[in-house]
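Undergrad: Sequence first, then the predicted structure:
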Amino acid sequence: MKRSEINKILAETKLFVKNIGFKLPDFAYWSVGEWEKAGSDFDEIRENMLGWDITDYGQGKFKEIGLVLFTLRNGNVSSDKYKKSYAEKILILEEGQICPTHFHKNKMEDIINRGGGNLQIKLWNSNDEGKPLTTPVTFSSDGQIKTADCGTPIIITPGNSITLIPGIYHEFSALNSKVLLGEVSSVNDDNHDNFFLEKQGRFPQIEEDEVPLHYLCNEYPR
């Protein structure tokens, strides 16, 4: 992805989040210059990869396959320095944009539709080798236990949510219009706990054609 494309996405996302009425923390708006001056008292942001995360999954077609995320809080599976056993994110999907099929071996998460369009999600069980199964999937949605055939579209309307346990493949997309999702989960580890059905990249290769509007979560200066 070009840095100019990422900057444009960031600007549009900040406006969308504001219009939905969701408030981001101050560091969401820090410039590159402000980060260059930030001391070690902000290491929790750096080391736990809080902040902006934009990916096209290495496919080079962000509008079709991609996702914008902002990690608000997170623990750290590699360090006892941070005691949080939970994480929280927001995720932004354009209408028709797909987050590709994947599962987590360790992370349990609730995905909440915070506003905008409807969320469409498809689920598959997996076996011990990480292969998808054709069996019906049982899941919890806002305190109700439900069952759906594998790969069947499940619609989550604004205000509602779905719980995803480890080992459940999930693919989601936005219907009707752009959607703001919340994610509340156990500690998030994007470096080791994303298992895609088809080979994907997790972080984009960036062509630097202009100065970053904001650093992404894997770019902070130390």
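TA: Ah, there it is.

Undergrad: CA atoms of stretch 205-217 as CSV?
TA: Presented in CSV, the C-alpha positions along stretch 205-217 are these (Å, rounded to 0.1, in the frame of the first residue of the first chain):
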residue,chain,number,x,y,z
GLN,A,205,4.2,-3.5,2.7
ILE,A,206,4.3,0.3,2.5
GLU,A,207,5.5,2.4,-0.3
GLU,A,208,6.6,5.7,1.2
ASP,A,209,5.3,8.4,-1.2
GLU,A,210,4.5,10.9,1.6
VAL,A,211,5.0,11.6,5.3
PRO,A,212,2.8,9.5,7.6
LEU,A,213,-0.2,11.2,9.0
HIS,A,214,0.0,8.9,12.1
TYR,A,215,2.3,6.0,12.8
LEU,A,216,0.7,2.5,12.6
CYS,A,217,1.0,0.2,15.6
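
Undergrad: which SS class is residue 128?
TA: Of the three states, residue 128 takes coil under DSSP: H, G, I helix; E, B strand; the rest coil.

Undergrad: now residue 69
TA: strand.

Undergrad: quick check: longest helix of this structure.
TA: Secondary structure of the chain per DSSP state H: the longest helix is helix 3-20.

Undergrad: Quick check: buried residues in it?
TA: Neighbour counts using 16 or more other Cβ atoms under 10 Å place 5-7, 9-10, 13-14, 16-17, 20 of helix 3-20 among the buried residues. For glycine as for every other residue, the C-beta is placed from the backbone atoms N, C-alpha and C.
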